[in-house]
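> When you get a sec, could you give me coordinates for this:
(4 chains)
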There are 2 protein chains.
Amino acid sequence: MAVIKRLPKYYKCLGNLLKNNVERVSSQDLSKILGFTASQIRQDLNNFGEFGQQGYGYNVLQLYTEISKILGLNTLHKMILVGAGNLGQALANYSEFRTHGFNIIAIFDANPNLIGRKINNTPIYSAEDMEYFINENDVDIAILTVPKDKTEKIVEVLSKTCIRGIWNFTPTEITMDDDADGIIVENVHLIDSLFTLSYRINEDKLQERLLKQKRKIFPDRR
Amino acid sequence: MAVIKRLPKYYKCLGNLLKNNVERVSSQDLSKILGFTASQIRQDLNNFGEFGQQGYGYNVLQLYTEISKILGLNTLHKMILVGAGNLGQALANYSEFRTHGFNIIAIFDANPNLIGRKINNTPIYSAEDMEYFINENDVDIAILTVPKDKTEKIVEVLSKTCIRGIWNFTPTEITMDDDADGIIVENVHLIDSLFTLSYRINEDKLQERLLKQKRKIFPDRR
DNA sequence: CCCCGCTTGTGATTATTTTAACATAAATAT
DNA sequence: ATATTTATGTTAAAATAATCACAAGCGGGG
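This is a model prediction of the structure:
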């Protein structure tokens, strides 16, 4: 749903307002900051409850708290990182996750040279111990930063565990067969995002080409 | 536009088919692989031209080539990386970009200890030289992996250059005022994606809560 | 206590996106 | 050759999403 993709933006924005000691905020204020229409903001928020008050607006702290509940940020999340390559290490060092209650409690890798070491104080274990570890420690989320050809295998193992979500950074699109085991997958696919950027940079040239094509079909139009 | 977000998926899928020496493919075949409806695929592709033929389907190589043109992947792209932190280094080491014609030709950082070194054969220069370098080398795209508080400054510098696109990994949402200078921004925001995952994991509990609320409003419904 | 301005929640409207349906054309089999 | 199958491009319908518009409620000033 489109609304859900916007929730993190609201959350972040309200966090900033809180930091600046702003107490109340109207949908119009938010509109100016976020670039959505005020109407959309009101409708978005209204999907989850009636958080505002006529003539007053929204209480920043209350709304922030509510949205954090909706996003599930009021509970701690235990995460593991699978694959201690370049991207994996970068994510392991990223402190923002912890700030919001997402703790990486273990890292798994197949490389024996890495096993036993620590990244950002988090130990690296052998990939073989992953399944046991997840179930033993009630891990919520697995971050996948393994090479493409290892993905399938890992997903197979993960689907036998109590894991709730997979945050997938591999180029492979992971699809869970009809949500049977209830594992949610969030695919990131950085390269897609780069391609989209490339498209938009390229757009002008393209539009011209398409226009020419239309002209062939409707030669009377200028 | 929603179609454009799907183009990279088509591209990737067709690339795989090519590798497997598949010559022709129907919208129905693609539908099974990609999980979109065949109808949507035909309509998507038709936005950019008539690439298929009745009774035959699409020629994989031809369609692949067309889409790569549409995405602007037929031309080389010169990129720079701004900010050689954890994420920056990971991206600098990521080889997939180069495979698709996106070359990181320089890295910029403010840290004097890093300047002069190389990551994955790409030299690190002083951030001060960035503006000159971009204009001198006709750089297309800047990858932004600097800390939050440096973002504004860097964007200001970038907007004075010939740069065409900014691939923004900082937590700050960059908005270009009414596209005046024609710089396209692609914001990534990893944490948003994690929050969305968290929401979906949390969804069941939430649905219950919302249902209770509705019941209050319509007490007659079970 | 009452009025006025502000701002929400919400129903109606418009726009966008997705899906369905089908006429038509190429390819293959007979 | 001809019929049958396959699969597109395209139009129409359905579903989603965004915007508009306004009645109704609250806060603050007199």
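> all contacts plus neighbour counts: C-alpha atoms, from now on.
OK.
> Could you check how far residue A:106 is from chain B?
18 Å (C-alpha to the nearest C-alpha, to the nearest Å).
> That residue bridge partners, please.
Applying DSSP bridges to residue A:106 yields these beta-bridge partners: residue A:80.
> tell me which element the spatially most central residue of chain A is part of?
By C-alpha atoms, centre = their mean, chain A has its centre lying nearest to residue A:186, at 6.8 Å. Remark: residue A:186 resides in strand A:184-187, with elements defined by DSSP states H and E.
> quick check: mean pLDDT across that strand?
For strand A:184-187, the mean pLDDT works out to 96.
> Please report how far the residue nearest to the centre of chain A lies from residue A:160.
Separation of residue A:186 from residue A:160 (C-alpha to C-alpha, to the nearest Å): 18 Å.
> Would you map the strands across chain A?
In chain A, the segments counted as strands under DSSP state E are A:24-25, A:52-53, A:57-59, A:77-82, A:102-109, A:118-119, A:122-126, A:141-144, A:165-168, A:184-187.
> mind listing what the first one pairs with, with the direction of each?
With DSSP bridges as the test, strand A:24-25 is paired with strand A:57-59 (antiparallel).
> how about the partner strand, does it reach DNA strand C?
Yes. Looking at strand A:57-59 against DNA strand C by C-alpha under 7 Å from any atom of the strand, the contacts come from A:57, A:58.
> Show me how far that strand is from its chain's centre.
27 Å (C-alpha atoms, centre = their mean, to the nearest Å).
> could you check whether it is close to DNA strand D?
No. Strand A:57-59 does not reach DNA strand D (C-alpha under 7 Å from any atom of the strand); its nearest approach is 8.7 Å.
> In CSV, list the strands of chain A along with distance to residue B:79.
Formatted as CSV, those follow (distance: least, C-alpha to C-alpha, whole Å):
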stretch, distance to residue B:79
strand A:24-25, 40
strand A:52-53, 45
strand A:57-59, 43
strand A:77-82, 29
strand A:102-109, 31
strand A:118-119, 29
strand A:122-126, 33
strand A:141-144, 26
strand A:165-168, 25
strand A:184-187, 24
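> Indicate which one of these is closest to residue B:198.
Of all the strands of chain A, it is strand A:165-168 that lies closest to residue B:198, at 7.9 Å by C-alpha to C-alpha.
> Does the closest one reach chain B?
Yes. Strand A:165-168 comes into contact with chain B (C-alpha under 8 Å from any C-alpha of the partner chain), by way of A:165, A:167.
> send the alpha carbons of that strand over as PDB?
Output of strand A:165-168 as PDB, limited to C-alpha atoms (Å, rounded to 0.1, in the frame of the first residue of the first chain):
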ATOM      1  CA  GLY A 165      11.300 -11.000   8.100                       C
ATOM      2  CA  ILE A 166      14.000 -11.000   5.500                       C
ATOM      3  CA  TRP A 167      15.700  -7.700   4.400                       C
ATOM      4  CA  ASN A 168      17.100  -8.800   1.100                       C
END
